[in-house]
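K.L.:
dropping a prediction and its sequence here:
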Amino acid sequence: MKFSRRELNRAALWLALGNWAAPLRAQVQTAPRWSSNPFTLGVASGQPRPDSVVLWTRLAPENEEDAARLAKNACAVQYEIHTDAGLRQPVARGEVVTDTSRALSVHVHAQGLQPQRDYWYRFRCGNAVSAIGRTRTAPAAEADVRRLRFALASCQHFEQGYFKPHREIAGRELDFVLFVGDYIYEGSSPAYEVRKHGTRTPHTLDAYRDRHALYKGDADLQAAHAAHPWILTWDDHEVVNDYAGDREPARDDPERFLRRRAAAYQAYFEHMPLQIPPRGSAMRIHDRYTWGRLAELWTLDCRQYRSHHACPDPERDAGRSVIGCADLAAPSRTMLGAEQERWLAQGLVSSTRQWKLLGQSSQVSATGIDTPEGRKIWTDGWDGYPEARRRLLQGAHQAGVRNLVTLGGDVHRHAAADLRVVPNDRASPVVATEFVGGSVTSKGASMAAMARMRRDNPDVVHARGDQRGHAFVDITPQHLQCEFRATAHPVLADSAFGTQARFVVEAGRAGVQPA
């Protein structure tokens, strides 16, 4: 019997989510005695709403005897939430039972909280106590908010540097961290190694869990998670480089790849402060957040629903540079999928917030290079989906959407750009603004390559790929400011950060301006 790709995809996701819906069959340990603290992967919070957040931790003991006991038994983990850093004013307590079918992860959807308020939380299991985390709820939906501050980060290859940007992020006063993809990397780049993964490329659920645990063990990353709530979306390396929808570059058996993708998605949700999707549903990562009347943020999924690459290599269907590819202009091609496109378009049109923010995984502005043979286009980014980009920007323009700003990652550069319906055409009005927040560690392009890209794409006001880092975004009703923070590549354990550039967007006037 043959199945369609949609049916295979649904079956793979059902298997992945089945563990979360199934009842626990193991005996529950209510008060285990630990030889060492099992909360080795830290704590985290995310999805801040006016009345709720999601709290996360995972039991991952380093002691072999403790780990062996957990392999056979479920474990009860208690959580507590307080309104003060000293943990003297509790507002909520509860218990979650977890076991190995959930990777011993703990997800708490803490509800009934007050809007725009700081909370502190921790977990207990037997004689072990976790680190203390701080989180913050969003303001009430109609609150007159005068300021929003957050960090923008992406692309943290463990092997290519240390996660020092997260140490700086942890020390800032922020409302949340917006992470837009490539939280883990599945592959290795021996030429750029500063430290090693120590394991092979993951293909199975256990292997993806191990890779996430390696990254979560980093002290700087733990600090940023403990300091602020996170809002997340993913890109490709959480599964495999340059996958597009239900197809991977190796053109492997579709059923095998969908099982791999489902395993990677399950491990991702197990290790992030996200609500677990209910059984039978899609692995949905795109979402919407409001920050009072000041801002509305959509996180987009640019991988799961996209069309396959245009003009692919017959041997390996990955992103590549092409010239004269007529398939790029096909109206049916989509980056987000038809359903997500409609959801976003309707949300933008109906939004009454001052600023509309799109947290998505790549660079929206055009980055192609002019050559004697014609314009060379990279097919894995938004340039590879020009009709999808046109629909997004033209739809927003025709609907009168103002103060639209895209926030991206993926390309391992800091970038600031004007967004037009027709890229680089001075006759086409600027309808939105773009900032790309660099990469935490992943290597980028040279100054010379960025100079050429800017020469052929005048909409790109700023682009540097030789430095690593992140960005801080500061929003008021009148202005949005983006500060690029950077250091030399590779990021070392003692790297220090400086301001590479700072730009401003004025309310009511789309486009990048120097601060």
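P.N.:
Happy to help now that I have it.
K.L.:
start to end distance for stretch 439-455?
P.N.:
End-to-end distance of stretch 439-455 (Cα to Cα, to the nearest Å): 23 Å.
K.L.:
buried residues of that stretch, list them for me.
P.N.:
Neighbour counts over stretch 439-455 (16 or more other Cβ atoms under 10 Å) mark 439-445, 450, 453-454 as buried. Glycine gets a C-beta too; all of them are placed from N, C-alpha and C.
K.L.:
closest to A330 among those residues?
P.N.:
M453 (25.0 Å; Cβ to Cβ).
K.L.:
helices of the stretch 1-150 of the chain, residue ranges please.
P.N.:
Secondary structure of the stretch 1-150 of the chain, counting by DSSP state H, counting those that start in this stretch: helices at 5-21, 64-72.
K.L.:
can you list contacts of the last one?
P.N.:
This points to helix 64-72. Here helix 64-72 makes contact (Cβ atoms under 8 Å, 6 or more residues apart in numbering) with 26-27, 29, 32, 34-36, 38, 59, 61, 99-100, 104.
K.L.:
which of those are buried? Put it as a PyMOL command.
P.N.:
Entered in PyMOL, the line below selects the buried ones among the contacts of helix 64-72, by 16+ other Cβ under 10 Å:
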select buried, resi 29+32+34+38+59+61+99+100+104
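K.L.:
closest to E434 out of the contacts of helix 64-72?
P.N.:
Nearest to E434 among the contacts of helix 64-72 is L104, at 39.9 Å by Cβ to Cβ.
K.L.:
quick one: the helices in this protein?
P.N.:
For the chain, the helices defined by DSSP state H occupy 5-21, 64-72, 164-171, 205-216, 219-227, 254-271, 338-350, 386-398, 447-456.
K.L.:
which one of those helices lies nearest to R49?
P.N.:
Minimum separation from R49 across the helices of the chain (Cβ to Cβ) falls at helix 338-350, 16.0 Å.
K.L.:
between helix 386-398 and the closest one, find me the angle.
P.N.:
20 degrees (axes from the mean of the first three to the mean of the last three Cα atoms, to 10 degrees).
K.L.:
quick one: mean pLDDT for helix 338-350?
P.N.:
Computed over helix 338-350, the mean pLDDT rounds to 98.
K.L.:
likewise stretch 397-408?
P.N.:
Here the average pLDDT along stretch 397-408 is 98.
K.L.:
so which bits of that stretch are buried?
P.N.:
Buried residues in stretch 397-408, counted by 16+ other Cβ under 10 Å: 397, 401-408.
K.L.:
which of those residues lies closest to S361?
P.N.:
Of all the buried residues of stretch 397-408, G408 has the smallest distance to S361: 6.5 Å, by Cβ to Cβ.
K.L.:
so what sits opposite the closest one in the bridge?
P.N.:
Per DSSP bridges, the residues bridged to G408 are V436.
K.L.:
that one: what's it in contact with?
P.N.:
With Cβ under 8 Å, 6+ apart, G408 has these contacts: 154, 180, 360-364, 434-437.
K.L.:
which members of the residues you listed occur in strands, if any?
P.N.:
434-437 (DSSP state E).
K.L.:
which of those has the most neighbours?
P.N.:
Most neighbours among these, by other Cβ atoms under 10 Å: V436, with 30 neighbours.
K.L.:
so where's this protein shaky on pLDDT?
P.N.:
Across the chain, residues meeting the criterion (pLDDT under 70) sit at 1-26, 279-281.
K.L.:
what about 50?
P.N.:
Where the chain drops to pLDDT under 50, the residues are 1.
K.L.:
quick check: the closest residue to L41 other than its chain neighbours vs F503, distance?
P.N.:
The shortest distance from L41 to any non-neighbouring residue, by Cβ to Cβ, 6 or more residues apart in numbering, is to K216 (4.1 Å). Distance of K216 to F503, given as Cβ to Cβ, to the nearest Å: 33 Å.
K.L.:
residues touching stretch 335-353, excluding its own?
P.N.:
By Cβ under 8 Å, 6+ apart, stretch 335-353 touches 286, 288, 290-296, 298, 300-302, 304-307, 334, 356, 358, 382, 385, 388-389, 391-392, 395-396, 399, 401, 404.
K.L.:
select only the buried ones of those in ChimeraX?
P.N.:
Typed into ChimeraX, the line below selects the buried ones among these, using 16+ other Cβ under 10 Å:
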select :286,290,291,292,293,294,295,296,298,300,301,302,304,305,306,307,334,356,358,382,385,388,389,391,392,395,396,401,404
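K.L.:
could the buried residues of stretch 397-408 go into a markdown table alongside distance to R134?
P.N.:
Listed next are the buried residues of stretch 397-408 as a markdown table, based on distance: Cβ to Cβ, whole Å:
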| residue | distance to R134 |
| --- | --- |
| H397 | 40 |
| V401 | 34 |
| R402 | 34 |
| N403 | 30 |
| L404 | 31 |
| V405 | 27 |
| T406 | 29 |
| L407 | 23 |
| G408 | 27 |
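K.L.:
just give me the closest of those to A244.
P.N.:
G408 (17.5 Å).
K.L.:
how close does D456 sit to R375?
P.N.:
From D456 to R375 the distance is 8 Å (Cβ to Cβ).
K.L.:
what's the overlap in contacts for these two?
P.N.:
With Cβ under 8 Å, 6+ apart as the test, D456 and R375 both reach 368-369.
K.L.:
sorry, back to before: need the helices of the chain in TSV with distance to P514, can you?
P.N.:
Below are the helices of the chain laid out as TSV (distance: least, Cβ to Cβ, whole Å):
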stretch	distance to P514
helix 5-21	46
helix 64-72	54
helix 164-171	23
helix 205-216	36
helix 219-227	29
helix 254-271	38
helix 338-350	27
helix 386-398	23
helix 447-456	15
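K.L.:
what's the closest of those helices to D317?
P.N.:
helix 254-271 (11.0 Å).
K.L.:
what residues of the closest one count as buried?
P.N.:
Residues of helix 254-271 classed as buried by neighbour count (16+ other Cβ under 10 Å): 254, 257-271.
K.L.:
what packs against that helix?
P.N.:
Packing partners of helix 254-271 (3 or more Cβ pairs under 8 Å, 6 or more residues apart in numbering; DSSP states H and E): helix 5-21, strand 52-58, helix 205-216.
K.L.:
now with 6 Å, please.
P.N.:
Counting contacts by 3 or more Cβ pairs under 6 Å, 6 or more residues apart in numbering; DSSP states H and E, helix 254-271 packs against helix 5-21, helix 205-216.
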